[in-house]
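Q: Dropping the sequence and predicted coords here.
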Amino acid sequence: MSGAYANLQPEERPDFRALRSYGAKLYADSRHPRAYVQALLAHRDTDLTKYYQESGYQTSYVDVEAGL
């Protein structure tokens, strides 16, 4: 672990998808073509890339039970 968010509580830390979404938005803000960003993110569908770039990803948590 890098320790980049060590000052935050675990529930306050960005998850993988939030960081990925932020990266996609930075590429969009830098005027990289959506096809380029789509290739970087390995998305088959441009709609998913558009979602990541425009609306972002918000983490939501759901309590579940394993039932073991």
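A: Perfect, thanks for sending it.
Q: Please name the nearest non-neighbouring residue to residue 46.
A: Beyond its immediate neighbours in the sequence, the residue positioned closest to residue 46 (CB to CB, 6 or more residues apart in numbering) is residue 38, lying 5.8 Å away. In this view, the C-beta of every residue, glycine as well, is placed from N, C-alpha and C.
Q: next one: residue 49
A: Per CB to CB, 6+ apart, closest to residue 49 is residue 38, 4.2 Å.
Q: Look up how far residue 26 lies from residue 54.
A: 13 Å (CB to CB, to the nearest Å).
Q: Count the neighbours of the residue nearest to residue 49 for me.
A: Counted with other CB atoms under 10 Å, residues neighbouring residue 38 total 20.
Q: again, but for residue 67
A: Counted with other CB under 10 Å, residue 67 comes out at 4.
Q: picking that back up, which pLDDT value goes with the residue nearest to residue 49?
A: On pLDDT, residue 38 comes in at 92.
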